[in-house]
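A.B. asks: Have a look at this prediction, sequence included:
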Amino acid sequence: MPICGSNNTDLGDLPTVSPNLPGRGEFIECESLHQPYVLQLRQSIDSISDFIAQHAAQGSQKQKALCNLQYFAAIRVNCQPEALTALMVNENRRNLNLIAHQLQNDSIPLQQRIGLALQLSDGLDVCTEGVTLNILSCASELVNQQKGLAGLVIKIKND
């Protein structure tokens, strides 16, 4: 992990944050260490929200999904650094980033992407471990829905 004060601008390749001290203590205390993780989480959540806003049908389900994502960001991402769990900055951050990218993947049918994005938003108001499992499930399902050569490679790998 870089020392406090370094400037890591590549948000796609952030190192794993240790859930144990002393590395965790430095991560919490140093804004330049935790801010890139929070920024990437926000970008992913914003991208998922934008996708839902653009593609989901008007109605209460769409509004609920957008509210759930906004609430999730406020409570679990835009919180005090000491409240950022290792699951959030490691697993959830990577998988939310994957989800945000896969929602733009036109080889996955639009209705499936919409359904999975709405399903994801419904699973963000449970315990920390449950949120992680729900995010992982959505990411896995999106990856498994790919068509073409990428889909074939994933199918062969899974088999």
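C.D. replies: Right, received. Where do you want to start? All of these numbers come straight from a predicted model, not from anything done at the bench. Residues are numbered from 1 along each chain as shown.

A.B. asks: Grab the most central residue of the chain for me.
C.D. replies: Leu96 (1.6 Å; C-alpha atoms, centre = their mean).

A.B. asks: pLDDT score assigned to it?
C.D. replies: For Leu96, the pLDDT comes out at 95.

A.B. asks: likewise Ile52?
C.D. replies: For Ile52, pLDDT reads 97.

A.B. asks: and the one helix or strand it maps to, what does it pack onto?
C.D. replies: For Ile52, the host element (DSSP states H and E) is helix 31-55. Judged by 3 or more C-beta pairs under 8 Å, 6 or more residues apart in numbering; DSSP states H and E, helix 31-55 is in contact with helix 23-29, helix 60-72, helix 93-102, helix 110-122. Every C-beta, even on glycine, is put in place using the N, C-alpha and C of the backbone.

A.B. asks: That helix to helix 60-72, inter-axis angle?
C.D. replies: Angle between the axes of helix 31-55 and helix 60-72 is 180 degrees (criterion: axes from the mean of the first three to the mean of the last three C-alpha atoms, to 10 degrees).

A.B. asks: now the angle from helix 31-55 to helix 110-122?
C.D. replies: Going by the same axes, to 10 degrees, helix 31-55 makes 130 degrees with helix 110-122.

A.B. asks: how about helix 31-55: buried residues?
C.D. replies: 33-34, 36-38, 40-41, 44-45, 47-49, 51-52 (16 or more other C-beta atoms under 10 Å).
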